[in-house]
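[1] how would this look folded up:
(4 chains)
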Number of protein chains: 2
Amino acid sequence: MTTHKKQDPRSIRSKRVFKEAAVDILIENPDISKLTVQKIAQRAELNRATFYLHFLDINDLLKQVVYDIFDDLLSKMSPTLQIDNLNNQEQLITFLDYFYKHRKILAVLFEHPGFIKKMHKTLKDLIVIQRKSEGADTSEITLSMDILASSILGIIMWWLRNGVHFSSEYIASQIIELYR
Amino acid sequence: MTTHKKQDPRSIRSKRVFKEAAVDILIENPDISKLTVQKIAQRAELNRATFYLHFLDINDLLKQVVYDIFDDLLSKMSPTLQIDNLNNQEQLITFLDYFYKHRKILAVLFEHPGFIKKMHKTLKDLIVIQRKSEGADTSEITLSMDILASSILGIIMWWLRNGVHFSSEYIASQIIELYR
DNA sequence: CAAGAAGTGTCAATTAAACAACAGATTTTA
DNA sequence: TAAAATCTGTTGTTTAATTGACACTTCTTG
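    Below is the predicted model:
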């Protein structure tokens, strides 16, 4: 059990503001190579030196952004997973709504090396958790989950790429239809 | 000539954030008597004690908010006043657009004692500046300007009270028609 | 109306952010 | 490609914000 020393609210805020600033800039201009610490600090209205109190470099910040997104996603998913009478479709819609809400930064991050792989792993884990909660045999589920995760990820990426013309409800119903 | 010592960006930001927080709270709940330093600090994500580094009390903050608004208004008006071929109507529309943009906080501030009086003075000054730029005799203009300012202020207050159903262009044309 | 809750204004001590300067790396552009 | 401009990562020092406490006043509500 790690003891987290209580953080100064200034630190908490600064970390958040730096990340928000970076995300905002990336949404305006998705070219990560054009992102600089100076621009982030400027947008965050914080000193450039302060950046280095919280992050090693831009890549470290982006990793934390990615981590935050997954953390947020998991915190949104787990409560619903604990409700027994919730069916697949409702969970899937929660999942898709999350993607819709964060579609702009996700579209940028999908271009980021390593993100898709991490996304895949998280998605698979979520599917495994779900299947287990449905009482499936542990030995049978792990095998085909990669393929299933890949398919869903492919659909999501297509969905995001194409400007999200369809509702999350419709996509959910299509995914369920496909893997019935 | 007062020498302004260059301010720390943290101070500048804190002052701004406190004011924004107060305005936000007032727009949500226009009852000034319900506004507290604690709520402002909480909304601003700053410590309550920090508030007192920048403001004497809530009233002092509100005075500064009022001042900022007028400062902003005057900076928006003066450039147009210097353009010779600009007519009354265009100036009036600039003026009215400003009110439209800030209508929410202005609706709150119009309830604030002293605001209408200050508003009146500023409006009169603007009218006087305008009349002078039109080459009017200095002795003739000051007298009826109070009545004129009161009328325009009355129209603006009515306009704001009634949910701004009409465009600033239409109101401008009506005001000009009235005082032709 | 009495008691608890919430808000005020202030303080000394602590901590995080700003500053400014630096050498060196990278990118732009003439 | 050479020069200029921008960006990087780091540092010691200064300054503003946080903290938690304090005595006091003003709501709020049973």
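[2] interface residues of chain A facing DNA strand C?
    Proximity of chain A to DNA strand C, by CB under 7 Å from any atom of the strand, involves residues A:7-8, A:10-11, A:13-14, A:34, A:45-47, A:49-50, A:53-54. C-beta: built from backbone N, CA, C; applies to glycine.
[3] and DNA strand D, which of the residues you listed contact it?
    Applying CB under 7 Å from any atom of the strand to the residues of chain A next to DNA strand C, those adjacent to DNA strand D are A:8, A:10, A:49.
[4] export these as a markdown table, with columns for neighbour count.
    Below are these laid out as a markdown table (neighbours: other CB atoms under 10 Å in any protein chain shown):
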| residue | neighbour count |
| --- | --- |
| A:8 | 9 |
| A:10 | 13 |
| A:49 | 9 |
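[5] which ones among these lie within strands?
    With DSSP state E as the criterion, strands contain none of those.
[6] quick revisit: top of the residues of chain A next to DNA strand C by number of neighbours, please.
    residue A:46 (21 neighbours; other CB atoms under 10 Å in any protein chain shown).
[7] dump the residue contacts of it.
    Applying CB atoms under 8 Å, 6 or more residues apart in numbering or on different chains to residue A:46 gives the contacts A:14, A:17, A:18.
[8] show me which of these is closest to DNA strand C.
    Using CB to the nearest atom of the strand, residue A:14 is the member of the contacts of residue A:46 that lies nearest DNA strand C, at 3.2 Å.
[9] quickly find the element holding that closest one.
    helix A:9-28 (DSSP states H and E).
[10] tell me how far that helix lies from the chain's centre.
    Computed by CA atoms, centre = their mean, to the nearest Å, the chain-centroid distance of helix A:9-28 equals 16 Å.
[11] and the spatially closest residue to residue A:43 that is not a sequence neighbour, how far from residue A:70?
    Distance criterion CB to CB, 6 or more residues apart in numbering or on different chains; nearest residue to residue A:43, sequence neighbours excluded, is residue A:21 at 3.8 Å. Separation of residue A:21 from residue A:70 (CB to CB, to the nearest Å): 20 Å.
[12] the two - which one has more neighbours?
    residue A:21 (20 against 13).
[13] in chain A, which spans are strands?
    Using DSSP E, strands in chain A do not occur.
[14] closest residue of it to DNA strand D?
    In chain A, no residue comes nearer to DNA strand D than residue A:37, which is 3.3 Å away by CB to the nearest atom of the strand.
[15] shouldn't that residue be in contact with residue A:58?
    Yes: with contacts counted by CB atoms under 8 Å, residue A:37 reaches residue A:58, the gap being 6.3 Å.
[16] pLDDT below threshold where in chain A?
    The model of chain A has pLDDT under 70 over residues A:1-6, A:77-88, A:113-114, A:126-127, A:130-131, A:133-145, A:148, A:163-164, A:177-180.
[17] do that again at 90, thanks
    A:1-7, A:30-33, A:63, A:66-180 (pLDDT under 90).
[18] can you show me the helices along chain A?
    A:9-28, A:37-44, A:48-54, A:58-81, A:88-101, A:103-109, A:115-133, A:138-161, A:168-178 (DSSP state H).
[19] now residue A:11: how far from residue B:74?
    Residue A:11 sits 39 Å away from residue B:74 when distances are taken as CB to CB.
[20] repeat that for residue A:101.
    Residue A:101 is 41 Å from residue B:74, by CB to CB.
[21] count of residues packed around the nearest residue to residue A:20 once chain neighbours are set aside?
    Nearest residue to residue A:20, sequence neighbours excluded (CB to CB, 6+ apart): residue A:44, at 7.5 Å. Residues near residue A:44, counting by other CB under 10 Å, number 23.
[22] please give me every residue in contact with residue A:44.
    So residue A:44 contacts A:14, A:17, A:18, A:20, A:21 (CB under 8 Å, 6+ apart).
[23] run a quick neighbour tally on the nearest residue to residue A:159 once chain neighbours are set aside.
    Once flanking residues are discounted, residue A:159 sits nearest to residue A:171: 5.8 Å by CB to CB, 6+ apart. When neighbours are defined as other CB under 10 Å, residue A:171 has 22 of them.
[24] residues contacting residue A:171?
    Contacts of residue A:171 by CB under 8 Å, 6+ apart are A:96, A:155, A:159.
[25] what's residue A:55 sitting at in phi/psi?
    Backbone torsions for residue A:55, taken as degrees, to the nearest 10, come to phi -140, psi 150.
[26] tally of neighbours for it?
    20.
[27] from DNA strand C, how far out is the closest residue to it other than its chain neighbours?
    Take residue A:55 and drop its neighbours on the chain: the residue closest to it by CB to CB, 6+ apart is residue A:61, 4.5 Å away. For residue A:61, the distance to DNA strand C equals 14 Å [CB to the nearest atom of the strand, to the nearest Å].
[28] need the contact list for residue A:61.
    A:18, A:19, A:22, A:40, A:55.
[29] return the member of those residues nearest to residue A:118.
    Closest approach between the contacts of residue A:61 and residue A:118, by CB to CB: residue A:19, at 17.1 Å.
[30] contact residues of chain A facing chain B?
    Taking CB under 8 Å from any CB of the partner chain as the contact definition, chain A meets chain B at A:9, A:13, A:45, A:47.
[31] how far is stretch A:119-132 from where the chain is centred?
    Taking mean C-alpha positions (CA atoms, centre = their mean), stretch A:119-132 and its chain are 13 Å apart.
[32] pull that stretch out as PDB, backbone CA atoms only.
    Taking Å, rounded to 0.1, in the frame of the first residue of the first chain, the C-alpha atoms of stretch A:119-132 are listed here in PDB:
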ATOM      1  CA  MET A 119      -6.600   0.600 -26.400                       C
ATOM      2  CA  HIS A 120      -6.800  -3.000 -27.600                       C
ATOM      3  CA  LYS A 121      -5.600  -4.300 -24.300                       C
ATOM      4  CA  THR A 122      -8.000  -2.300 -22.300                       C
ATOM      5  CA  LEU A 123     -10.900  -3.200 -24.500                       C
ATOM      6  CA  LYS A 124     -10.000  -6.900 -24.300                       C
ATOM      7  CA  ASP A 125      -9.800  -6.700 -20.500                       C
ATOM      8  CA  LEU A 126     -13.200  -5.100 -20.400                       C
ATOM      9  CA  ILE A 127     -14.700  -7.800 -22.600                       C
ATOM     10  CA  VAL A 128     -13.100 -10.500 -20.400                       C
ATOM     11  CA  ILE A 129     -14.500  -8.900 -17.300                       C
ATOM     12  CA  GLN A 130     -17.900  -8.700 -18.900                       C
ATOM     13  CA  ARG A 131     -17.900 -12.300 -20.000                       C
ATOM     14  CA  LYS A 132     -16.800 -13.500 -16.600                       C
END
